[in-house]
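A.B. asks: After the sequence you'll find the predicted model.
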Amino acid sequence: MIGKFTKGESPKQILQEVQKGKGLTRLIAGGTEINRLGSSVAADHLISLQNLSLNEIRKEGSLISIGAMVTFTEMLESDTIPAYLKEAVRFCGSFTRRNMATIGGNIAADRDDSYLMPTLLSAKARVLLGDISIDGKYNEEDIPLREYLEFRDHFNDSLILAVILNRPQRVVLSKRFARSVQSNAAVTVSFGASVEDGTLSDFRIFAAVKGTGIVRLSHIEEGIANRQFVEPEDVAPSATQNIAFVDDITGSSSYKRYILGSSVADLYKQSLSIVENGGDL
Ligand SMILES: Cc1cc2nc3c(=O)[nH]c(=O)nc-3n(C[C@H](O)[C@H](O)[C@H](O)COP(=O)(O)OP(=O)(O)OC[C@H]3O[C@@H](n4cnc5c(N)ncnc54)[C@H](O)[C@@H]3O)c2cc1C
């Protein structure tokens, strides 16, 4: 049960409190996940990030930095946020939740039906993290979001300060499958590739699969790069190899397998067509 609520004063002070709290002191951003009925976040002390000035969206050259406390609504209203990220933000159908939910909270929540994670991972986003080292010093490091996900437990007590997008020449396309916009998604999938001299390269394909978690389809990324598939449709049968799907309220395992395979093929086809038509990224 939450017995204490405080407002953090600086990243260092917050991280020290989290360290002292031994797993029961947690950060609170928009609070939509923490306060959700049935939330998996257990805490007796919550520290708000509200006073840290992490709510700026900045553009410096081709780099976009999105403060961890920027809300979904603020991203939608910004001229700086790329269209592909706004599309993922719209996967959250509730206007009330969009006004509260933050990009940092969405990443840290690491849900198997995450609105933003597949898109941010396919965009090759990076995260700026604040941490306290063993000798008590405060450090900041900028790492790929992929690495944050891969070593999620290691970063459990890290503070996400910002999300960085530094690949403007990328095509990123995403799809979400749910019974309604307000329901949990069975599958959210994203396909990303760099565009160089009219061709696609550096593929990233990620999906949030309900009951399974966030998965990377690296064998398909490699297969496309090695021209293993003649047509985009050929990707579908092998896309879901080695993924353990589960039956649940969002759909059967065979349904999830089918929509993931066919969506990856379709997103690949759409990406090729955007590049062939000299489309705007
Ligand atoms: C009815 C309902 C349905 C929902 N459906 C979905 C869904 O389908 N998909 C989905 O992705 N989400 C869903 N959510 C959860 C939530 O709305 C989003 O994930 C949201 O983006 C979380 O952001 P927040 O700022 O509210 O996080 P909070 O609730 O404040 O925090 C979430 C977690 O992130 C940690 N955290 C927050 N900020 C940081 C930071 N800067 N650095 C490190 N850790 C941090 C917190 O300690 C906590 O563990 C749902 C919530 C509700 C109430």
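C.D. replies: Sure, I can see it.
A.B. asks: Please count neighbours and contacts with C-alpha atoms only from this point.
C.D. replies: Will do.
A.B. asks: Identify the residue spatially nearest to the residue most central in space within the chain, adjacent ones excluded.
C.D. replies: Nearest to the mean C-alpha position of the chain, by Cα atoms, centre = their mean, lies residue 117 at 1.7 Å. Nearest residue to residue 117, sequence neighbours excluded (Cα to Cα, 6 or more residues apart in numbering): residue 107, at 6.4 Å.
A.B. asks: Residue 236 too?
C.D. replies: Closest residue to residue 236 apart from its sequence neighbours, by Cα to Cα, 6+ apart: residue 261 at 4.2 Å.
A.B. asks: Could you double-check that that neighbour sits in contact with residue 233?
C.D. replies: No - applying Cα atoms under 8 Å as the test, residue 261 and residue 233 come out as separate, 9.1 Å apart.
A.B. asks: Of those two, give the one with the bigger neighbour count.
C.D. replies: Taking other Cα atoms under 10 Å, residue 261 and residue 233 do not tie; residue 261 has more neighbours (20 against 16).
A.B. asks: That one and residue 87, how far apart?
C.D. replies: Residue 261 sits 21 Å away from residue 87, going by Cα to Cα, to the nearest Å.
A.B. asks: How about residue 153?
C.D. replies: Separation of residue 153 from residue 87 (Cα to Cα): 29 Å.
A.B. asks: Comparing the two, which residue is more hemmed in?
C.D. replies: Of the pair residue 153 and residue 87, residue 87 is the one with more neighbours under other Cα under 10 Å, namely 17 against 10.
A.B. asks: can you give me how far the helix or strand hosting the more buried one is from the chain middle?
C.D. replies: Assigned by DSSP states H and E, residue 87 belongs to helix 83-89. From the chain centre to the centre of helix 83-89 is a distance of 11 Å (Cα atoms, centre = their mean, to the nearest Å).
A.B. asks: In that helix, which residues are buried?
C.D. replies: For helix 83-89, a neighbour-count test (16 or more other Cα atoms under 10 Å) marks 84-89 as buried.
A.B. asks: can you list contacts of that helix?
C.D. replies: Residues outside helix 83-89 that contact it (Cα atoms under 8 Å, 6 or more residues apart in numbering): 72, 75-76, 115-116, 119-120, 172-174.
A.B. asks: Adding pLDDT and secondary structure as columns, could you present those residues in CSV?
C.D. replies: Shown next, in CSV, are those (pLDDT from 0 to 100; DSSP: H, G, I helix; E, B strand; the rest coil):
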residue, pLDDT, secondary structure
72, 98, helix
75, 98, helix
76, 98, helix
115, 98, coil
116, 98, coil
119, 98, helix
120, 98, helix
172, 98, strand
173, 98, strand
174, 98, strand
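A.B. asks: now, which of those residues sits nearest residue 268?
C.D. replies: Nearest to residue 268 among the contacts of helix 83-89 is residue 173, at 8.7 Å by Cα to Cα.
A.B. asks: can you list the residues of the stretch 151-281 of the chain near the ligand?
C.D. replies: Within reach of the ligand by Cα under 6 Å from any ligand atom, the stretch 151-281 of the chain has these residues: 158-161, 184.
A.B. asks: Can you tell me the element the nearest residue to residue 237 once chain neighbours are set aside falls in?
C.D. replies: Computed as Cα to Cα, 6+ apart, the closest residue to residue 237 that is not its neighbour in sequence is residue 261, at 6.3 Å. Counting by DSSP H and E, the element that carries residue 261 is helix 253-276.
A.B. asks: Packing partners of that helix?
C.D. replies: Taking 3 or more Cα pairs under 8 Å, 6 or more residues apart in numbering; DSSP states H and E as contact, the helices and strands that helix 253-276 lies on are strand 170-178, strand 185-196, strand 199-209, helix 235-239.
A.B. asks: Just give me the lowest mean pLDDT stretch among those.
C.D. replies: Per-stretch mean pLDDT for these is lowest at helix 235-239 (a mean of 93).
A.B. asks: How far off centre is it?
C.D. replies: For helix 235-239, the separation from the chain centroid amounts to 23 Å (computed by Cα atoms, centre = their mean).
A.B. asks: Could you list the residues in contact with it?
C.D. replies: Residues from elsewhere that reach helix 235-239, judged by Cα under 8 Å, 6+ apart: 217, 219-220, 229, 260-265.
A.B. asks: repeat that with 7 Å
C.D. replies: Residues outside helix 235-239 that contact it (Cα atoms under 7 Å, 6 or more residues apart in numbering): 217, 220, 229, 261-262, 264-265.
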